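A.B. asks: The sequence and its predicted three-dimensional model are supplied below.
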Amino acid sequence: MSTTTPEFTPADGLLAQLNELQISFSGAVAHIRLSRPAKRNAINEALMQQLHTALIHLPASVQALVISGEGQHFCAGLDLSDLSERTVAEGIAHSRGWHAVMDALQYYRVPVVAALHGAVVGGGLELAAATHVRVADATTYFGLPEGQRGIFVGGGGSARIPRLVGVACMSDMMLTGRVLDAEEGRERGLAQYVVPEGEALDKAIALARRIATNAPLSNYAIVQALPRIADMAQSDGLFVESLMAAIAQGDDAAKQRLADFLQGRAAKVVKAA
Ligand code: 1HE
């Protein structure tokens, strides 16, 4: 996969000190690259904590975020060398720590686009499932080897992945070790886009740039309200929807965009080329 994003400027200050990540910016788009390629970007404590720190400290100018992985694979999941002797209480605390970061990602203040390639497995798939738009290149494959490792998902996978693929598909992946290729993953909702080998990052950046042009409050509603409404009883969801719709349309950005359309200054909705 392409590792060159020349138009991006590396972060400085605190964000530059996060050595398990590479963080860079281009306009309103931030790019966080998991950066443990020798370990296939396996997620250890430091990487997880640094991802959390990065999310907290990205500047307010960022309107969309791209996440990718350095090297041959997006992410090999939990760093299994971290799974030393843990008590039950420590195991719960570890899982809850992952939940905090995955929640911070899913309910981030701006949309997150994942650029996937190679292995997207275990905790790597849990991480991808917490993002909003997933672009897979042709080398991508999805697996949940927890069953083979004698463990269970602990990074939010049991809540998020069945909402994408269904309980039956996730059970199959965990029980039998079934691996889905990029196209199978797209068919089941693990990715919304499949692109040729090496093109996931460019596509993800292009989508992020487009997302960043939306009204910030619309993006916020899509990221914050939509998944919550989907989890609500219908009548509760409809009530929340009406509040969110009124808030969004009351914003100056919405008023400007509606006026632009009515005066012929805004793009029409057309079929994809
Ligand atoms: C690792 C890890 C890891 C690689 N933890 N060290 N995840 C898994 O069960 C997936 C395990 N990994 C693999 O199946 C393969 O490594 C890959 C398919 C991802 C990549 O294969 P390959 O041939 O490119 O690399 P490699 O030679 O297997 O690995 C390179 C190095 O990375 C090697 O270390 P080295 O010191 O011998 O060079 C590997 O040991 C190391 N490595 N993956 C630790 N995961 C919150 S609950 C979440 C639960 C889970 O995520 S379970 C799933 C864990």
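C.D. replies: Nice, I can see it.
A.B. asks: So which residues on the stretch 151-273 of the chain come close to the ligand?
C.D. replies: Ile151, Val153, Gly154, Gly155 (C-beta under 6 Å from any ligand atom). From N, CA and C alone the C-beta is placed, and that goes for glycine too.
A.B. asks: Just read off the phi/psi values of the residue nearest to Pro10 when sequence neighbours are not counted.
C.D. replies: Excluding the flanking residues, the one nearest Pro10 by C-beta to C-beta, 6 or more residues apart in numbering is Ser24, at 5.0 Å. Main-chain dihedrals, Ser24, degrees, to the nearest 10: phi -150, psi 170.
A.B. asks: Pull out the buried residues from the strand or helix carrying Ala248.
C.D. replies: Secondary structure assignment for Ala248, by DSSP states H and E: helix 234-250. By 16 or more other C-beta atoms under 10 Å, the buried positions in helix 234-250 come out as Gly237, Met244, Ala248.
A.B. asks: and the gap between the second one and His52?
C.D. replies: With distances taken as C-beta to C-beta, to the nearest Å, Met244 is found 27 Å from His52.
A.B. asks: before we move on, the earlier item: just the buried ones among the residues of the stretch 151-273 of the chain next to the ligand, please.
C.D. replies: Looks like those have Val153, Gly154, Gly155 buried, using 16+ other C-beta under 10 Å.
A.B. asks: circling back: helix or strand right after the helix holding Ala248?
C.D. replies: Next along the chain from helix 234-250, counting by DSSP H and E, comes helix 252-262.
A.B. asks: Quick one: work out the angle between that next one and helix 234-250.
C.D. replies: 80 degrees (axes from the mean of the first three to the mean of the last three C-alpha atoms, to 10 degrees).
A.B. asks: per-residue confidence averaged over helix 252-262?
C.D. replies: When pLDDT is averaged over helix 252-262, the result is 86.
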